[in-house]
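Undergrad: below is the sequence, then the predicted model.
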Amino acid sequence: MNYTDVMNALKTASLFDLFRLGIAISHEVENPDRIKAVRQAFKVGDTVSFFDETENMLRSAVVMEKNIKYVSIIDKTQRRIWKVPYCFLNLDNVNTDIHCERQEKLTKNHLKIGDCVGFNKDGEQIAGVVNRLNYKTVSLITADRRRWRVSYGCLYKIIDADLAKRVAELNLID
């Protein structure tokens, strides 16, 4: 499924339409037959990827235990134990990125922790790496250790591997 196409289609939906779709999706997510099929697709000890909604990105983990509605996994990067519903698992290795059109403003759906972004501050172009996705703003860190909170609408994505590497070396991203 192409999530960018789905999100573009939802832009014309009313708030009620979105609410109603949310309820229908919730019912499908809780469908015992769907959960059973996912639960049977892997075993304890397997490596799986799961969607971390706080960082808006996929993470890799090892399955520790399977329960009726939840699976216990240990994150390979942070070594953190998670107890997540089966719907968080990306067993088909689906691309979860949501892209925006050039002229479209960025939203929380378009960014993830670690993305390089820029913004204009009084004529000065400032670039940083996303540290946290807040409700209305993005927390980011620049290579010179400055921290900023910037509205989604003021940001643009940039490709700067050197910046991401410098910030990662400073160990500033949570």
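TA: Yep, that arrived.
Undergrad: and for the nearest residue to Lys66 once chain neighbours are set aside, the neighbour number?
TA: Leaving out its chain neighbours, the residue that sits closest to Lys66 by C-beta to C-beta, 6 or more residues apart in numbering is Arg39, at 5.9 Å. C-beta: built from backbone N, CA, C; applies to glycine. Using other C-beta atoms under 10 Å, Arg39 has 16 neighbouring residues.
Undergrad: go on, Val48?
TA: Val48: 19 neighbours (other C-beta under 10 Å).
Undergrad: confirm that it sits in a strand.
TA: Yes. Val48: assigned to a strand according to DSSP: H, G, I helix; E, B strand; the rest coil.
Undergrad: confidence score at the nearest residue to it once chain neighbours are set aside?
TA: Nearest non-adjacent residue to Val48, counting by C-beta to C-beta, 6+ apart: Leu89, 5.4 Å away. Per-residue confidence (pLDDT) for Leu89: 96.
Undergrad: could you measure from Leu89 over to Val71?
TA: For Leu89, the distance to Val71 (C-beta to C-beta, to the nearest Å) stands at 7 Å.
Undergrad: tell me who's in contact with the residue nearest the centre of the chain.
TA: The geometric centre of the chain, computed from its C-alpha atoms, lies nearest to Asn56 (C-alpha atoms, centre = their mean), at 1.2 Å. By C-beta atoms under 8 Å, 6 or more residues apart in numbering, the contact set of Asn56 is Lys108, Asn109, Leu111, Lys112, Ile113, Leu133.
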